[in-house]
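The following comprises the amino acid sequence and a computationally predicted model.
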Amino acid sequence: MSEARTAGPVTDLGGLVKAYDVRGVADVDLTEDVARALGAAFADHVDAGRIVVAHDMRVSSPRLSAAFAEGAVQRGGPVEFAGLSSTDQLYCASGLLDAAGAMFTASHNPAPDNGIKLCLSGARPISRDTGLTSIRTRAEAYLRAGTIARRPGGSRTDVDTLPGYVETVLRLAPVPDRRPLRVVVDAADAMASLTVPAVAEHLPSITVVPVHFGLDGTFPHHEANPLDPKNLRDLQDAVRAEGADLGLAFDGDADRCVVVDEQGRIVPPSAVTALIATREIARARAAGEETPVVIANLVSSRHVQEAIEAAGGRRVRSRVGHSLIKALMAQDDAVFGGEHSAHYYFRDFFSADSGMLAALHVLAALAETDGTLSALVAEHDPYAASGELNRTVADAAAATAAVRAHLDTLDGVVTDDLDGLTAVHWDEEAPAGDRWWLSLRSSNTEPLLRLNVEAAEEGTMHAIRDRVLALVGGSGSTPAEQTPAGPAARAGTPTDSDVVTVASGADVPGWVRAALRCPVCRHELRDAEAALRCTGCDRLYPVENGIPVLIAERALEG
């Protein structure tokens, strides 16, 4: 056969090839013809080097990955076809085999979607700026031509990558047999159904209680997105019913892991980042590294940096995005990296992310203590956080400018633009109520602004959050519908602590008072019992649920 047919209706891949991967609707955007053309283009890009091809359990994944492999073989690529795999299993194979990799998955996206995560040999990241654009251009050329010319040397060989993956993760994060642990795992009918049993059989002290273990790409029980609290309810219920020591929830391709404690409360990913960072720093220092580097994206809790520095490491801030973090991991020889989205990266795992390795670190840390997981992580979750709040806005730049203009009127605020707008108002010598920071970022793919707020006190976080949301405008879920990333978050559902009742004007943060003026005479306001009092006309403005009500008609004459 001298050429493969690729002709089809899709020839523009601009909407399919994203900044860091390929993602779209299977058989609509990502057809077999498109997959075949992308396979050929990827083989060209790696100059017919070895390629490991794997896929998740989605209904479309086996045939799309087979078409990709066919295109790569046509262009002379020696393809090692791994079949069903988690994404971190594919990264591990790429590293162990020194081969490029292609993983067919849409991660946590709905069942009709599919996509491809590509990497170079050694699990090195590839993005739009480092190869995806040229791969897209070549694939579009093949689609327009309707054929893929044959290049000699192509072959396809089936390979089992699971044993090497299991050996690698157990070596990198050994779990001591010091105490028995009972752990509930919700695999979401996805790839953790394959990898968790394969790893757990080598851990005699760990008893796994499986929830939704199966390989069903229709996701019959819930979406494979553990960042959405509603998808954690089955896990939380099972942890409490089983009296388990903890629970683990994996996403569709199992490269992310969310943890809940023995009471079913969500452990914020930043707390997991801090916990693992201290362990990896200690290990690296014991091996002779003076100041190990840890990468953490700028949305991570302030405590992450505090924990890294206390352990003797150095934190490097990163923009959000796995390719960016992987690049920084290599650049700074970082021992570990963590994201607020529950992606965790390990230098000795080819600087790739692995939900399994993160889970094993949590299990190992708990096994080394005699207490509960909630006690273990309490020190790593000291601040109040809003969680990520999304707002759909007509003009993200204008909304951000409005927030920036307000921040410019406040004393003691330091801003930077590494990834959107970050503002910090955190002086350790100031009262706790005056310590806060926020991040406001635009989505790369949607007309959204993403807001994260953290503060030393809950009331401050609520006040900052609500003020910024008012300035941003737009539409989106209300704060009460979000799961915060701080202590209240671990309940998984709103609690009484999510509503702050202010007993005195002094509980309104100082930065808020400094920015407010009496709407009648424009004088400053001072604290009063359950209110703020104007220093000019002596009007009294009530404070309700942490928010000053600055309406002249509501004021009480002093």
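Perfect, I can see it now.

where do the helices sit along the stretch 51-200 of the chain?
If DSSP state H, counting those that start in this stretch is used as the criterion, the helices of the stretch 51-200 of the chain fall at 61-74, 87-97, 132-145, 162-172, 192-200.

Next: the stretch 251-400 of the chain.
In the stretch 251-400 of the chain, the helices defined using DSSP H, counting those that start in this stretch lie at 269-286, 302-310, 322-332, 355-367, 373-378, 396-407.

Out of these, point me to the one whose mean pLDDT is lowest.
Lowest mean pLDDT within these: helix 322-332, a mean of 86.

that older thread, of the helices of the stretch 251-400 of the chain, give the one that comes closest to Arg144.
Distance to Arg144, taken as Cβ to Cβ, is lowest for helix 322-332 among the helices of the stretch 251-400 of the chain, at 27.9 Å. Bear in mind the C-beta positions are built from the backbone N, C-alpha and C, glycine included.

which strands and helices sit next to the closest one?
strand 124-125, strand 293-297, strand 314-318, strand 336-338, strand 344-346 (3 or more Cβ pairs under 8 Å, 6 or more residues apart in numbering; DSSP states H and E).

pLDDT weak spots in this structure?
Applying pLDDT under 70 to the chain flags the ranges 1-9, 444-446, 477-524, 526-530, 535-539, 544-558.

circling back: let me have the helices of the stretch 251-400 of the chain in a markdown table, adding distance to Leu170 and mean neighbour count as columns.
Output for the helices of the stretch 251-400 of the chain, formatted as a markdown table (distance: least, Cβ to Cβ, whole Å; neighbours: other Cβ atoms under 10 Å):
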| stretch | distance to Leu170 | mean neighbour count |
| --- | --- | --- |
| helix 269-286 | 15 | 23 |
| helix 302-310 | 26 | 20 |
| helix 322-332 | 22 | 20 |
| helix 355-367 | 7 | 25 |
| helix 373-378 | 21 | 19 |
| helix 396-407 | 45 | 16 |
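
picking that back up, now tabulate the helices and strands packed on helix 322-332 in CSV and tack on mean neighbour count and distance to Pro210.
Converted to CSV, the helices and strands packed on helix 322-332 look like this (neighbours: other Cβ atoms under 10 Å; distance: least, Cβ to Cβ, whole Å):
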stretch, mean neighbour count, distance to Pro210
strand 124-125, 22, 32
strand 293-297, 27, 32
strand 314-318, 19, 35
strand 336-338, 30, 27
strand 344-346, 26, 22
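
Make JSON lines from the ones you listed and add distance to Gln305 to it.
Below are those laid out as JSON lines (distance: least, Cβ to Cβ, whole Å):
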{"stretch": "strand 124-125", "distance to Gln305": "24"}
{"stretch": "strand 293-297", "distance to Gln305": "7"}
{"stretch": "strand 314-318", "distance to Gln305": "4"}
{"stretch": "strand 336-338", "distance to Gln305": "11"}
{"stretch": "strand 344-346", "distance to Gln305": "16"}
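
Nearest to Ile51, out of those?
Among the helices and strands packed on helix 322-332, the nearest to Ile51 by Cβ to Cβ is strand 124-125 (13.5 Å).

so how far is Gly24 from Arg50?
Distance of Arg50 to Gly24, computed by Cβ to Cβ, to the nearest Å: 27 Å.

okay, those two: which has more neighbours?
Per other Cβ atoms under 10 Å, whichever of Arg50 and Gly24 has more neighbours is Gly24, with 23 against 17.

hang on, the more buried one is in a strand, isn't it?
Yes. Under DSSP: H, G, I helix; E, B strand; the rest coil, Gly24 falls within a strand.

wait, it sits on Asp113?
Yes. Counting by Cβ atoms under 8 Å, Asp113 is a contact partner of Gly24 at 6.8 Å.

one step back: looking at the helices of the stretch 51-200 of the chain, which is buried most?
Per-stretch averages of neighbours, counted by mean count of other Cβ atoms under 10 Å, single out helix 87-97 among the helices of the stretch 51-200 of the chain, with a mean of 26.

The helices of the stretch 251-400 of the chain into a markdown table, with extra columns for distance to Gln74?
Formatted as a markdown table, these follow (distance: least, Cβ to Cβ, whole Å):
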| stretch | distance to Gln74 |
| --- | --- |
| helix 269-286 | 42 |
| helix 302-310 | 47 |
| helix 322-332 | 28 |
| helix 355-367 | 34 |
| helix 373-378 | 51 |
| helix 396-407 | 43 |
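
do you know which of these lies nearest His222?
Nearest of the helices of the stretch 251-400 of the chain (Cβ to Cβ): helix 355-367, 17.1 Å.

angle of the closest one against helix 192-200?
Per axes from the mean of the first three to the mean of the last three Cα atoms, to 10 degrees, the angle that helix 355-367 makes with helix 192-200 is 50 degrees.

Run the chain-centre distance for helix 355-367.
17 Å (Cα atoms, centre = their mean, to the nearest Å).

go on, stretch 409-421?
The chain centroid and the centroid of stretch 409-421 are separated by 23 Å under Cα atoms, centre = their mean.

Quick one, which of the helices and strands packed on helix 322-332 gets closest to Gly420.
For Gly420, the closest of the helices and strands packed on helix 322-332 is strand 293-297, at 11.4 Å, according to Cβ to Cβ.

Note down every partner strand of the closest one and its orientation.
Here strand 293-297 has these sheet partners by DSSP bridges: strand 314-318 (parallel), strand 336-338 (parallel).

Look up the closest residue to Thr161, ignoring the ones flanking it.
In space, and not counting its chain neighbours, Thr161 is closest to Ala93: 4.0 Å by Cβ to Cβ, 6 or more residues apart in numbering.

Likewise for Pro292?
Once flanking residues are discounted, Pro292 sits nearest to Ala284: 3.9 Å by Cβ to Cβ, 6+ apart.

related to what we said a few turns ago, turn the strands paired with strand 293-297 into CSV, columns for distance to Val453.
Below are the strands paired with strand 293-297 laid out as CSV (distance: least, Cβ to Cβ, whole Å):
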stretch, distance to Val453
strand 314-318, 17
strand 336-338, 19
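
Of all those strands, which one is nearest Asp245?
Across the strands paired with strand 293-297, Asp245 has its closest neighbour in strand 336-338 (22.4 Å, Cβ to Cβ).

Any idea how far that closest one is from the middle of the chain?
Strand 336-338 sits 11 Å away from the centroid of its parent chain (Cα atoms, centre = their mean).

Kindly provide the distance from Thr207 to His322.
In terms of Cβ to Cβ, Thr207 sits 32 Å off from His322.

Against Asp228, how distant is Pro110?
Counting by Cβ to Cβ, the gap from Pro110 to Asp228 is 12 Å.

picking that back up, which among the helices and strands packed on helix 322-332 is found nearest to Val185?
Using Cβ to Cβ, these put strand 344-346 closest to Val185, at 16.6 Å.

got the contact list for the closest one?
When contacts are defined by Cβ atoms under 8 Å, 6 or more residues apart in numbering, strand 344-346 is touched by residues 172, 257, 272-273, 276, 280, 295, 322, 325-326, 329, 334-338, 351-355, 357-358.

So what are the sheet partners of it and their directions?
strand 336-338 (antiparallel), strand 352-353 (antiparallel).

Tell me who's in contact with Asp186.
Val211, His212, Pro226, Leu232, Asp234, Leu235, Ala238, Gly247, Leu248, Ala249, Phe250.

can you rerun that using 7 Å?
Val211, His212, Asp234, Leu235, Ala249 (Cβ atoms under 7 Å, 6 or more residues apart in numbering).
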